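K.L.:
A structural model of the following input is requested.
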Amino acid sequence: MTPTKAASAAITIGGLLLGTALLAPGVASAATYNGMCGSGYSVVNSRAVVGGTVFLTYNASTGYNCVVTVRNSPGAKLPMGARVSRSSDPGWVYDNGDYTTYAGPVYRSAPGECVDWGGGINGSDIDVYGTNCSR
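P.N.:
Sure, this is the predicted structure:
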């Protein structure tokens with residue numbers, strides 16, 4: 001192959017690869033907790049749901065738990081929820097509605113107690129019972 005043909009072939013292949021990369025569908029990024037519960041809260045548990053993640057956070061200085069449900073990719077409003085309760089007193093504190101990005105935050109004091117928590121996006125829900133008993 002002559003140097004001119006080799007260069008031409010390399011340019012053609014490079015263009016095809018670039019075009020393929022530009023046309024590839026975007027991959028949804030995983031949901032992240034971005035401090036939605038406020039300062040002093042750290043993620044202590046999480047569960048994936050279709051389209052996002054439910055995060056349980058805890059503030060050791062106040063003894064409060066907080067739950068938020070976060071979408072992987074914000075978009076049109078969808079039914080979403082976040083909920084938390086003390087396992088010993090299953091009175092749920094919840095936030096349900098149609099949201100573009102996240103549901104919650106919802107808070108429940110439970111220092112040294114187990115908590116029940118959960119949430120969901122567009123019908124994909126999770127509830128977790130009796131966890132995080134020491135925090």
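K.L.:
scan this protein for its longest strand.
P.N.:
strand 89-99 (DSSP state E).
K.L.:
mind listing what's buried in it?
P.N.:
93, 95, 99 (16 or more other C-beta atoms under 10 Å). In short, each C-beta sits where N, CA and C put it, glycine included.
K.L.:
do stretch 70-82 as well
P.N.:
70-72, 78, 80-82.
K.L.:
got the contact list for residue 50?
P.N.:
121-122, 124 (C-beta atoms under 8 Å, 6 or more residues apart in numbering).
K.L.:
what backbone torsions are found at it?
P.N.:
Dihedral pair for residue 50: phi -60, psi 120, per degrees, to the nearest 10.
K.L.:
reformat the buried residues of stretch 70-82 as CSV; add pLDDT.
P.N.:
CSV is the format used below for those (pLDDT from 0 to 100):
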residue, pLDDT
70, 98
71, 98
72, 97
78, 98
80, 99
81, 99
82, 99
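K.L.:
mark which of those are part of strands, please.
P.N.:
70-71, 78, 80-82.
K.L.:
which members of those residues are the farthest-apart pair?
P.N.:
78 and 82 (13.4 Å; C-beta to C-beta).
K.L.:
what ranges of the chain fall below the confidence cut-off?
P.N.:
Within the chain, the stretches with pLDDT under 70 are 1-28, 134-135.
K.L.:
any idea how far residue 105 is from residue 56?
P.N.:
As judged by C-beta to C-beta, to the nearest Å, residue 105 and residue 56 stand 11 Å apart.
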